[in-house]
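J.: Predicted model follows, preceded by the sequence.
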Amino acid sequence: MAKSNKINVYLVKNDVKSEDIFDKKYLTRQVDGGVLHYNKKDVHAPEWVHNFFNNNDALQGLFKAASSQAVFIKSIKIGKKLHTFAITFGTGYHMLNRYNIVPNFGLKIVLNIIDVKNIRKVDTHNISSVPKHKSEQIARPGDMDEFSVNIDTDILTSITGKIEKSSPLHEFFGSSITGKDTLSANAKFDAETVDAFLEKSYKCYNSDEYKKKGFGWIDNIAKILPNDLLLLELNKQLDADLANLKNNRDKIWIAVPEIIKWEDIEGFRYNNKKQIYDDLDIDDLPIDKYTVENLKKIVIRTIKPDGSLYGKPWDAFQCLYAEIDFKGNKYMLINSNWYKIEADFVSYIDKKITTLFNRKVPAISWPKYDPAKSENTYNLDLTANIKGSVCMDAKNIIYGGGKSKEEFCDVFDINGGNIIHVKKYSGSSVLSHLFNQGYVSAELLLADSKFKAKVEDKVNLLMKRKDFSFPQNVKFNVVFAILSSKEPKNAKNLPFFSKVVLNSIAARIDTMKGYNVFIKVIPQ
């Protein structure tokens, strides 16, 4: 048996030509029944020698950094069909054309083979319209309850687990194994024997054992398989929605598609334009016609403060988020992958949100909404309508040291016990921000005595009084007020991204001692 090797393997989509596996042509060499694609080793002085020490002569030749890129392509027959795998070395994964790689290949393998109590690390992507990438690990193996994964709002993107030595699978995959699009394992295989490892991996990928282990919830939001003709139809429908972007902005936008170190980032550039943008915005893209293919042609570069490139560029399609309805089903585009939302999950969320919308909102004299006026003006009008209330719009509470601050609410109806958050409806991301703001505010008021005291001080200051303090054992109402010129008039019209977030947040607030949640839509 060979020595243990770190093996990172991807599954190539069916019927993809060898030249389409990569983003461009590389040097090749036939070896051990496969083809090695590689870049020559690049040896250079580290970046900090150039930037921090300004290429000081005293440091010349002292420090060298080397980078290597290689991908070993191996095709083997499993059953009656030929399957192609890409094994990467160094930063070889950057060489691959990600659109021709099977998504979640490694993730599904790991879910199928590890013990549910042997999880070490999970990465998730929240499906709210303000996407959140999260990575958690624990000191020793545990089950999913050890992690803060919300099965309604989180997509599992990566998992690391431990395989016990007593398991027959330990012989193939070693002790620790990680799965995402790629399968990563320290296994006792090399180029001459790796066929057995690849065959075993493929068979584990095709298993449904994960459902028996309690991971069936990952199918609530299931990736569309790469060989599914539905992909073409979804992209065609997306093109139609992009052509009418003005009326679909609540369901189509762009955002950073992966975890980055924001402290190392100056901004973003589109194609070779010189202008640097603080964040990604679909309106800033240099594009004449919004289509899937045109978005793939736009290169987005992340720029460091010194002007150099951070990481590998993305294309705009990788950064696109979208929600579409197609042939009676709901689909979501996240990180260039299409997901089908299971009908039962859609029905479950819709029922929850409809129940929430049907709650009788506390008796408040709501002013009419005039789209020509600002949100702040509406808040002032609302405050004037409610005796004993205070407008706290933009009156941030500074707490926790440094520059941490939080807006308690927009209007605080003291006598009625209503904590009101108001937002003009302008899309899914705005609503998600509204709901998250309400949750954070409610949690801080309940759990942080310093925050509570600062809110009391702010209320006394704004109302020019000295005696206000929160009464004990009073149940507050968290009211989300949506100013709407056309949508959402009811739960049905709310973007699904927002419905999932609202359901999750309303459930968490409802379980907090002393709160009820209400939705109020204020039409034009």
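T.: Yes, it's here. Numbering: from 1, shown residues only.
J.: wait, is Asn436 part of a helix?
T.: Yes - remark: Asn436 belongs to a helix, assigned using DSSP: H, G, I helix; E, B strand; the rest coil.
J.: ok, now how distant is it from Phe480?
T.: In this view, Asn436 and Phe480 are 11 Å apart by C-beta to C-beta, to the nearest Å. C-beta: built from backbone N, CA, C; applies to glycine.
J.: More neighbours: those two, which one.
T.: It is Phe480, of Asn436 and Phe480, that has more neighbours when counted by other C-beta atoms under 10 Å, with 24 against 17.
J.: Could I get the contacting residues of the more buried one?
T.: 421, 423, 434-435, 438, 502, 517-520 (C-beta atoms under 8 Å, 6 or more residues apart in numbering).
J.: Could you tell me the per-residue confidence at it?
T.: pLDDT, the model's per-residue confidence, is 93 for Phe480.
J.: which SSE is it in?
T.: strand 476-484 (DSSP states H and E).
J.: All the strands of the stretch 401-524 of the chain, in order from the start?
T.: Secondary structure of the stretch 401-524 of the chain (DSSP state E, counting those that start in this stretch): strands at 405-406, 411-413, 418-424, 476-484, 515-523.
J.: Once you drop chain neighbours, what's closest to Ser406?
T.: Not Ser; residue 406 is Glu. Nearest non-adjacent residue to Glu406, counting by C-beta to C-beta, 6 or more residues apart in numbering: Ile397, 5.3 Å away.
J.: Quickly list the domain ranges of this structure.
T.: Domain assignment for the chain by automatic domain parsing gives 5-223, 230-341, 345-523.
J.: average pLDDT across the longest one?
T.: Right, the one you point to is domain 5-223. The pLDDT scores in domain 5-223 average 86.
J.: Considering the strands of the stretch 401-524 of the chain, which stretch scores lowest in mean pLDDT?
T.: Among the strands of the stretch 401-524 of the chain, strand 405-406 carries the lowest mean pLDDT (a mean of 78).
J.: Provide the contact partners of it at residue level.
T.: Outside strand 405-406, the residues that touch it by C-beta under 8 Å, 6+ apart are 396-399, 440-441, 444, 451.
J.: Name the nearest of the residues you listed relative to Ile155.
T.: Proximity of the contacts of strand 405-406 to Ile155 was ranked by C-beta to C-beta; the top entry is Val440 with 22.4 Å.
J.: Buried subset of the contacts of strand 405-406 as a PyMOL selection?
T.: In PyMOL syntax, the buried subset of the contacts of strand 405-406 is picked out as below (16 or more other C-beta atoms under 10 Å):
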select buried, resi 397+399+441+444+451
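J.: can you give me the strands in the stretch 201-350 of the chain?
T.: 221-223, 252-254, 267-270, 299-303, 309-315, 320-326, 329-334, 337-341.
J.: Please, where are all the helices along the stretch 301-450 of the chain?
T.: 343-357, 375-385, 428-447, 449-463 (DSSP state H, counting those that start in this stretch).
J.: so of the ones you listed, which one's packed in deepest?
T.: Mean neighbour counts were compared across the helices of the stretch 301-450 of the chain using mean count of other C-beta atoms under 10 Å; the top stretch is helix 428-447, at a mean of 20.
J.: Let me see the mean pLDDT of that one.
T.: Mean pLDDT, computed over helix 428-447, is 83.
J.: tell me what it is packed against?
T.: The contact analysis (3 or more C-beta pairs under 8 Å, 6 or more residues apart in numbering; DSSP states H and E) places helix 428-447 against strand 405-406, strand 418-424, helix 449-463, strand 476-484, helix 496-511, strand 515-523.
J.: partner strands of the first one, parallel or antiparallel?
T.: The sheet places strand 405-406 alongside strand 397-398 (antiparallel), with pairing taken from DSSP bridges.
J.: Likewise for the second one?
T.: As defined by DSSP bridges, the strand partners of strand 418-424 come to strand 411-413 (antiparallel), strand 476-484 (parallel).
J.: List the buried residues for the strand holding Phe480?
T.: Applying a neighbour-count criterion of 16+ other C-beta under 10 Å, one finds 476-484 buried in strand 476-484.
J.: ok, so of those residues, who is nearest Pro362?
T.: Asn477 (5.4 Å).
J.: Okay, the closest one and Arg508: tell me how far apart.
T.: On the measure of C-beta to C-beta, Asn477 and Arg508 end up 16 Å apart.
J.: go on, Tyr321?
T.: 23 Å.
J.: who has more neighbours, these two?
T.: Legend: neighbour count by other C-beta under 10 Å for Tyr321 and Arg508, higher for Tyr321 (21 against 15).
J.: what's that one in contact with, if anything?
T.: When contacts are counted by C-beta under 8 Å, 6+ apart, Tyr321 touches 129, 131, 252-255, 332-334, 497.
J.: Ile364: neighbour count?
T.: Considering only other C-beta under 10 Å, Ile364 is surrounded by 20 other residues.
J.: I meant His83, not that one.
T.: By other C-beta under 10 Å, the residues close to His83 number 17.
J.: Report the separation between it and Tyr205.
T.: Taken as C-beta to C-beta, the span from His83 to Tyr205 is 10 Å.
J.: Ok, Leu333 next?
T.: 23 Å.
J.: Repeat that for Thr182.
T.: Thr182 is 12 Å from Tyr205, where distance means C-beta to C-beta.
J.: Same question for Ile353.
T.: As judged by C-beta to C-beta, Ile353 and Tyr205 stand 35 Å apart.
J.: shared neighbours, His83 and Tyr205?
T.: Residues touching both His83 and Tyr205 (C-beta under 8 Å, 6+ apart) are Leu11.
J.: rewinding a little: overlap in contacts of Thr182 and Tyr205?
T.: Residues touching both Thr182 and Tyr205 (C-beta under 8 Å, 6+ apart) are Phe105.
J.: Stretch 12-29: which residues count as buried?
T.: 12-13, 16, 21-22, 26.
J.: start to end distance for that stretch?
T.: End-to-end distance for stretch 12-29: 19 Å, by C-alpha to C-alpha, to the nearest Å.
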